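> give me coordinates for this.
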Amino acid sequence: MRFNLLLAALLIVFIIPNYAQNRFVAAQHQDFFDWFHERSQVEQLYTDRSTLHVFSEQVNVRAKPSTRAAVVTQLPLGWAVTNVAYRQDRIPRATINGYEDIWYHVRGVDTEGRLFEGYIWGAHIAKGWRETDLTRNGSSELVMLGVSGQSRQTPQDISAEIRIVQSNRLISQAMVPGLCVFEECSASPMLRVLQSRNIDGLTVIEASTMTIGCLTGIDKAFFYWNGQQLERVYQAEYTTQTEVYRRQFTVKPTESNTSTMQLCEYGGEDSQYNPTWNCKAVQVVPPAARPVVALQGALAGGQ
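This next block holds a predicted model:
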C-alpha cells in the first residue's frame with residue numbers, strides 16, 4: 001500500500017514538471033527508488049497473509065485496536081504472525097510513548113499452541129527483518145529493524161533499533177539515532193545484511209529509510225558485526241550529503257589460524273548503491289612472540 005503511494009508521488013514528478021520543481025525532488029532518485037523497494041520489505045507490512053515478526057518482549061495481542069481492549073495472548077520477541085490486511089480506507093492508529101503507528105490486525109498460533117486473532121500496535125512489529133547465520137554456529141539468527149524502545153520526549157527525539165534474536169532470545173541490539181521507521185514518518189524502511197567478498201569477517205548490517213514527499217530523504221546507517229555485538233561505523237543523509245557519523249573499525253578474520261586483521265572505514269557507494277570499504281591489513285603480533293626484555297625492565301623499575 002505504501003509502495004503504491006510512493007510510486008504515485010514519484011509519477012507526479014513526470015506528469016506535472018513545474019509543480020514537481022516546487023514540491024517533489026524524486027525524479028533524480030527514480031533508479032534508487034526502484035532498487036530500494038525491490039530490496040525492502042515494506043510491501044509485506046501491508047500485504048494480506050504476509051509474515052510479520054514481533055519486535056518486543058511479551059507483546060500483548062488485543063481483542064480490538066485499543067490499549068484498553070482485552071488481551072488475547074502474549075507473544076515473545078521474534079515470534080512470527082500472519083498479517084490480516086485492512087480492506088477499508090481508515091486504518092486504526094494510536095500514539096504510545098510519543099510514537100504514532102497503526103494497529104496491525106494479525107492471526108497465528110501462540111506459544112501454547114492456541115490459535116488467536118487480534119491486534120498488535122505497530123511499534124511492536126519489526127519494520128524489516130532478515131534471517132542469517134551471524135554467529136556462524138550453523139543456525140540462523142533473526143535480525144530485525146524497528147522502533148526504539150525508549151520513550152519519545154520531543155519531536156526531534158527519533159531513533160530506531162536493530163535487534164538480533166536467537167531462539168526468541170535477544171543476543172544483541174543497537175540504537176540507530178535519527179532513523180525514523182514508525183508510521184507517522186511515512187518512510188519506507190530497509191534492512192540488509194551484507195557479507196564482503198573481499199574481506200574475511202566483514203559483515204555489515206544496513207538500516208536505511210527512503211521518504212517521498214515535499215522532499216526526498218535517503219538515510220543510511222551501517223553497523224559492523226564483530227562477532228558479539230554491533231558497532232555503528234557510518235551514518236549519513238544522502239540527498240543532502242550530510243555525514244552524521246564515521247569511525248574506523250577493526251575487522252577480525254573468521255579463520256583463527258591467521259593473525260592479520262583489517263582496519264576499515266566507509267569508502268562510499270558503488271554503482272549498485274552498495275557500500276564500499278577502505279581497508280588495510282594490520283599485522284597482529286601474538287603474545288608469545290613479543291619481547292620479554294621490556295616487560296622485565298618495567299617490572300624491575302617498579303620495585
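
> tell me where the stretch 1-150 of the chain has helices.
2-15, 17-22, 30-39 (DSSP state H, counting those that start in this stretch).

> and the ones you listed, which one is worst for confidence?
For those, mean pLDDT drops lowest on helix 17-22, to a mean of 30.

> where does pLDDT dip in the protein?
The chain contains residues with pLDDT under 70 at 1-28, 213-215, 255-259, 284-303.

> mind running it again at 50?
3-25, 289-290, 292-303 (pLDDT under 50).

> keeping just the C-alphas, turn stretch 163-173 into PDB.
The C-alpha trace of stretch 163-173 is given here as PDB (Å, rounded to 0.1, in the frame of the first residue of the first chain):
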ATOM      1  CA  ARG A 163      17.800  -6.300  17.400                       C
ATOM      2  CA  ILE A 164      19.400  -9.700  16.900                       C
ATOM      3  CA  VAL A 165      17.300 -12.700  18.100                       C
ATOM      4  CA  GLN A 166      18.300 -16.300  18.600                       C
ATOM      5  CA  SER A 167      15.500 -18.700  19.500                       C
ATOM      6  CA  ASN A 168      13.300 -15.800  20.700                       C
ATOM      7  CA  ARG A 169      16.200 -14.500  22.900                       C
ATOM      8  CA  LEU A 170      17.800 -11.100  22.400                       C
ATOM      9  CA  ILE A 171      21.600 -11.500  21.900                       C
ATOM     10  CA  SER A 172      22.500  -8.100  20.700                       C
ATOM     11  CA  GLN A 173      20.900  -4.700  20.000                       C
END
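
> pull the residues that contact that stretch.
55, 57, 76-79, 134-135, 139, 141-144, 146, 161-162, 228-230 (C-beta atoms under 8 Å, 6 or more residues apart in numbering). (C-beta placed from N, C-alpha, C; glycine too.)

> just the ones in strands from these, please.
Judged by DSSP state E, the contacts of stretch 163-173 include 141-144, 146, 161-162, 230 as members of strands.

> let me have the residues you listed in JSON lines, adding neighbour count and distance to residue 107 as columns.
Output for those, formatted as JSON lines (neighbours: other C-beta atoms under 10 Å; distance: C-beta to C-beta, whole Å):
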{"residue": "141", "neighbour count": "22", "distance to residue 107": "25"}
{"residue": "142", "neighbour count": "21", "distance to residue 107": "20"}
{"residue": "143", "neighbour count": "25", "distance to residue 107": "25"}
{"residue": "144", "neighbour count": "24", "distance to residue 107": "20"}
{"residue": "146", "neighbour count": "27", "distance to residue 107": "20"}
{"residue": "161", "neighbour count": "21", "distance to residue 107": "26"}
{"residue": "162", "neighbour count": "24", "distance to residue 107": "27"}
{"residue": "230", "neighbour count": "24", "distance to residue 107": "32"}
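
> which one of these sits closest to residue 238?
Residue 238 lies nearest to residue 162 out of those, by C-beta to C-beta, at 19.1 Å.

> which ones are touching the nearest residue to the closest one once chain neighbours are set aside?
Counting by C-beta to C-beta, 6 or more residues apart in numbering, residue 162 lies nearest to residue 174, which is 5.0 Å off, once chain neighbours are set aside. By C-beta under 8 Å, 6+ apart, residue 174 lies in contact with 161-162, 223, 229-232.

> let's go with 6 Å and repeat that
Applying C-beta atoms under 6 Å, 6 or more residues apart in numbering to residue 174 gives the contacts 162, 223, 230.

> go on, residue 176?
Remark: with contacts taken as C-beta under 6 Å, 6+ apart, residue 176 is in contact with 160, 207, 221.

> so which of the residues you listed is surrounded by the most neighbours?
residue 207 (28 neighbours; other C-beta atoms under 10 Å).

> having no further points to raise, I will conclude here.
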